[in-house]
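Novice: Whatever this is, show me its structure:
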Amino acid sequence: MTQRVLVTGSEGFTGRYVCNEFAVAGWEVWGAGVQPKPDNPRYLNINLLQPETLRLIGERAQPHVVVHLAASAFVAETDPTDFYAVNLLGTRHLLEALSTAVTPPLCTIVASSANVYGNSTLEVLEETAETHPANDYAVSKLAMEYLAKTYMERLGIVITRPFNYSGVGQEPRYLIPKIVSHFKKQAAHIELGNTDVARDFSDVRDIAKAYRLLAEIRPNGEIFNLCSGEATALETCIGIASEITGHDIEVKVNPEFVRANEVKTLRGCGKKLGSAPLDARLAKANNTLGNGFVDHNGAIAGSSDGI
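Specialist: Numbers count the residues shown, from 1 in each chain. Reported below is the predicted structural model:
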């Protein structure tokens, strides 16, 4: 029997890669989001803040697995309202609709964020590390995790904590695409905020593969880091882009972009994702830095869940 998956936020950066990963693997893929797509019979026009629209999931898609990616995710957003409305209340609406459907999903994968760890003194962050969210986005994601756990038995909840990841198609307001766009047009300078930061970057295609393999294995009740295991400093990112393009750029700090509560370093440990009794294939989906800038064809790329 063909397995059905529903991906919320399917039209977003990550969602497009995740949908493609499942489709290539032979799954019946249903997308869901706020953008109407009347020409796609396997797409549901839903709004997480309008619970009545979520009934469509149980009525039409009846997925075996749900991958919940839809979120308000730009960390630098000045108005935190959407973080709490979409990430917390919207997720509650979704989980309630799934749990009351005639046929609830066997597994529901909820995307949280590595930002929940905050400014930790640990060099490498395992899933058991204490959480110290340092901004509204991270607080909303951690609250969402606690909410999701209340549906653990009913929906087979799996929680992921993605670190930063890169790929073609990310919006230029995020760090890596912003750097890439400036190097592409050979700008003389780039304005950034906090420059003393380091992040754990992966390739978005490996992240998508991890979601698909988790859906196949269904380790319900578990939390997983999605990461490369290596932290790359911002100045190193600039250096890589300069080396690729042969162009030098001046970095200027714009005080309006500086965040007092910025997380300095995020570096994850991906051992759990690639360890027994999980399938060894997960390790392959979790060990790629991809250096954040170069896709598999050598083209300059972009980034997500970003600083």
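
Novice: Tell me the secondary structure at residue 141.
Specialist: Assigned by DSSP: H, G, I helix; E, B strand; the rest coil, the conformation of residue 141 is helix.

Novice: Low-confidence regions, the stretch 51-200 of the chain specifically.
Specialist: Residue ranges of the stretch 51-200 of the chain with pLDDT under 70: 73-78.

Novice: Identify the spatial nearest neighbour of the residue of the chain positioned farthest from its centre, chain neighbours not counted.
Specialist: Centroid-distance maximum for the chain: residue 188 at 31.5 Å, with CA atoms, centre = their mean. Distances taken as CB to CB, 6 or more residues apart in numbering place residue 250 nearest to residue 188, at 6.4 Å, with adjacent residues excluded. Backbone N, C-alpha and C define where each C-beta goes, glycine included.

Novice: okay but the one you found is in contact with residue 192, surely?
Specialist: No - using CB atoms under 8 Å, residue 250 makes no contact with residue 192, being 10.8 Å away.

Novice: Between the two, which is the more surrounded one?
Specialist: residue 192 (20 against 9; other CB atoms under 10 Å).

Novice: Helices of this structure, start to end?
Specialist: 13-24, 55-56, 81-82, 91-99, 136-149, 152-155, 175-184, 204-217, 234-245, 281-284 (DSSP state H).

Novice: So which of the ones you listed is nearest residue 272?
Specialist: Closest of the helices of the chain to residue 272 is helix 281-284, at 9.2 Å (criterion: CB to CB).

Novice: Report the rounded mean pLDDT for the closest one.
Specialist: Mean pLDDT, helix 281-284: 50.

Novice: how close does residue 234 get to residue 112?
Specialist: Relative to residue 112, residue 234 is positioned 24 Å away (CB to CB, to the nearest Å).

Novice: Which of these two has more residues huddled nearby?
Specialist: Comparing residue 234 with residue 112 by other CB under 10 Å, the one with more neighbours is residue 112, at 26 against 20.

Novice: give the contact list for the more buried one.
Specialist: 141, 142, 144, 145, 159, 160, 161, 162, 223 (CB atoms under 8 Å, 6 or more residues apart in numbering).

Novice: With residue 53 instead?
Specialist: By CB under 8 Å, 6+ apart, the contact set of residue 53 is 45, 46, 47.

Novice: Equivalent analysis for residue 199, please.
Specialist: Shown in contact with residue 199 (CB under 8 Å, 6+ apart): 163, 164, 175, 231, 232, 234, 265, 266, 306, 307.

Novice: tell me, how many neighbours does the closest residue to residue 126 other than its chain neighbours end up with?
Specialist: Distances taken as CB to CB, 6+ apart place residue 269 nearest to residue 126, at 4.5 Å, with adjacent residues excluded. For residue 269, the count of nearby residues is 18 (other CB under 10 Å).

Novice: swap in residue 7?
Specialist: Applying other CB under 10 Å, we find 29 residues neighbouring residue 7.

Novice: any weak-confidence spans in the stretch 201-307 of the chain?
Specialist: Low-confidence segments of the stretch 201-307 of the chain (pLDDT under 70): 275-307.

Novice: and with 80 instead?
Specialist: The stretch 201-307 of the chain contains residues with pLDDT under 80 at 259-263, 274-307.
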